[in-house]
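S.K.: No letters, just coordinates:
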């Protein structure tokens, strides 16, 4: 198989193997549950046996993602949470301890904080802005440090090289949710992190038509997860889902470029707007972690959060008056979205989650940038 180095070339051609698929420029969908074995040969001589384990269509997507993320191998899952839970469970055993950042994806926090307690697994949540945060949280039974950089909702960074070095010194594994940056703008494996997760429903798919996840790491780890956590939990990706993911990957570089270009213009516009108290976006010079941003990130996507001025009801009125921005919980697709994250949230709950109250998240889609700014401006007039 030809190896490609540039992201655009990987997305366009890696894993497609035209000669293998009769010259088809788009590899076909192997929409089948099993693969029959050749007579006269040992059972299993065919590398594909059953789609719950592996499938050629899924393998194409995995090849592209592994190459983009600079990893040995990738395994794709039926959802981001299937990937997250499988990766976490791979590293843990009964009575383990996990250190995780406070601003982590909500269902991940629920899985760590509520579900895993039935096996005596405990978790310490830290802000994560300094190495000392993690160092102080480590216990004798700590097995995993779970990262998300930039983090959910407020987009703060963790020092990936520093945390990885700390973890290795203490015999602790590291895993990161790299969905925000994508493998185009951040490669945690090159900074010492052991396993990378992507919710592929977001930018990797890019069309809001799949729910998917992926894990990337060493060949040994990915093979073990394929035969154990993914196979036994039944979270393997469907072939048609994988074909749609591959379609999305082909346009990832050009889509992400447009998302980022529009987002920085809109973030700057909002930062100077009289109705906005603060904008949370790593692409702004006002972000307090500039040195770390330049060290470990190569670009920025279309996701940001804002703190509008006004009461809870006035902020809700602002959200309701938006026309191009639809209200929705996800992001990473072609469409612009808005969701009031901590509007009306109790102060104690917000502090527990390390969030300011009144926070609104925006995803900047592929609509005309000026149209989006006009929409935001007219809706902000709902705030006196």
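M.R.: Alright, I've got the coordinates. Quick caveat: nothing in here was measured; it's all calculated off a predicted structure.
S.K.: Let me know how buried residue 5 is, in neighbour terms.
M.R.: Counted by other Cβ atoms under 10 Å, the residues lying close to residue 5 total 8. Just so you know, the C-beta spots here come from the backbone N, C-alpha and C atoms, and that holds for glycine as well.
S.K.: Then the one 10 residues further on?
M.R.: Using other Cβ under 10 Å, the number of residues around residue 15 comes to 22.
S.K.: Does the closest residue to it other than its chain neighbours lie in a helix or a strand, and which?
M.R.: In space, and not counting its chain neighbours, residue 15 is closest to residue 63: 3.1 Å by Cβ to Cβ, 6 or more residues apart in numbering. In this assignment (DSSP states H and E), residue 63 forms part of helix 56-68.
S.K.: by contact count, what packs against that helix?
M.R.: helix 7-13, strand 73-77, helix 182-185, strand 213-217, helix 239-250 (3 or more Cβ pairs under 8 Å, 6 or more residues apart in numbering; DSSP states H and E).
S.K.: I would like the residues contacting the longest one, please.
M.R.: Applying Cβ atoms under 8 Å, 6 or more residues apart in numbering, the contact partners of helix 239-250 are 11-12, 26-27, 29-32, 51, 55, 57-58, 60-61, 64-65, 68, 76, 78, 200, 204-207, 209-212, 237.
S.K.: Now do it against strand 213-217, angle only.
M.R.: 70 degrees (axes from the mean of the first three to the mean of the last three Cα atoms, to 10 degrees).
S.K.: Which residues belonging to helix 239-250 are considered buried?
M.R.: 239, 241, 242, 243, 244, 245, 246, 247, 248, 249, 250 (16 or more other Cβ atoms under 10 Å).
S.K.: after it comes which helix or strand?
M.R.: Sequence-wise, the next helix or strand downstream of helix 239-250 (DSSP H and E) is helix 252-271.
S.K.: can you check the shortest one too?
M.R.: Downstream of helix 182-185, the next assigned helix or strand under DSSP H and E is strand 195-198.
S.K.: Relative to that following strand, what are the paired strands and their orientations?
M.R.: strand 173-177 (parallel), strand 213-217 (antiparallel) (DSSP bridges).
S.K.: which residues sit in contact with the spatially closest residue to residue 133 that is not a sequence neighbour?
M.R.: If the residues on either side of it in the chain are set aside, residue 133 comes closest to residue 126, at 4.1 Å by Cβ to Cβ, 6+ apart. Counting by Cβ under 8 Å, 6+ apart, residue 126 makes contact with 99, 100, 101, 102, 133, 134, 136, 137.
S.K.: who does residue 126 bridge with?
M.R.: residue 101.
S.K.: mind checking how far it is from residue 148?
M.R.: 12 Å (Cβ to Cβ, to the nearest Å).
S.K.: repeat for residue 170
M.R.: For residue 170 relative to residue 148 (Cβ to Cβ), the value is 20 Å.
S.K.: Among the two, which residue is more densely surrounded?
M.R.: Counted by other Cβ under 10 Å, residue 170 and residue 148 do not tie: residue 148 has more neighbours, with 26 against 14.
S.K.: If the nearest residue to the more buried one once chain neighbours are set aside is in a bridge, with which residues?
M.R.: Spatial nearest neighbour of residue 148, chain neighbours left out: residue 177 (4.2 Å); criterion: Cβ to Cβ, 6+ apart. Taking DSSP bridges as the rule, residue 177 bridges to residue 148, residue 197.
S.K.: which residues touch stretch 256-275?
M.R.: Contacts for stretch 256-275 (Cβ under 8 Å, 6+ apart): 182, 184-185, 203, 276, 279, 281, 283-284, 286, 299-304, 306, 308-310, 318, 362, 364-366, 369, 372-373, 376-377, 380-381, 383.
S.K.: Separate out the buried members of those.
M.R.: The neighbour-count test (16+ other Cβ under 10 Å) marks 182, 184-185, 203, 276, 279, 281, 283-284, 299-304, 306, 308-310, 318, 362, 364-366, 369, 372-373, 376, 380, 383 as buried among the contacts of stretch 256-275.
S.K.: what number of residues lie near the residue nearest to residue 148?
M.R.: 28.
S.K.: Contacts only, for it.
M.R.: 84, 104, 105, 108, 146, 147, 148, 197, 198, 199 are the contacts of residue 177 under Cβ under 8 Å, 6+ apart.
S.K.: ok, now residue 228?
M.R.: Shown in contact with residue 228 (Cβ under 8 Å, 6+ apart): residue 90.
S.K.: Helix, strand or coil: sort out it for me.
M.R.: The assignment at residue 228 comes out as helix when based on DSSP: H, G, I helix; E, B strand; the rest coil.
S.K.: Give me the distance between it and residue 71.
M.R.: 18 Å.
S.K.: Over to residue 193?
M.R.: Where residue 71 is concerned, residue 193 sits at a distance of 10 Å (Cβ to Cβ).
S.K.: cool, residue 296 as well?
M.R.: 16 Å.
S.K.: Could you do residue 367 as well?
M.R.: Distance, residue 367 to residue 71, by Cβ to Cβ: 34 Å.
S.K.: So which of these two has more stuff around it?
M.R.: Neighbours per residue (other Cβ under 10 Å) separate residue 367 from residue 71, with residue 71 holding more: 23 against 15.
S.K.: Quick check: phi and psi on the more buried one?
M.R.: phi -110, psi 170 (degrees, to the nearest 10).
S.K.: pretty sure it contacts residue 198?
M.R.: No: with contacts counted by Cβ atoms under 8 Å, residue 71 stays clear of residue 198, the gap being 11.1 Å.
S.K.: which residues are in contact with both of those two?
M.R.: Counting by Cβ under 8 Å, 6+ apart, the contacts common to residue 71 and residue 198 are residue 216.
S.K.: Residue 317 against residue 382, yeah?
M.R.: Yes: Residue 317 is within contact range of residue 382, at 4.2 Å (criterion: Cβ under 8 Å).
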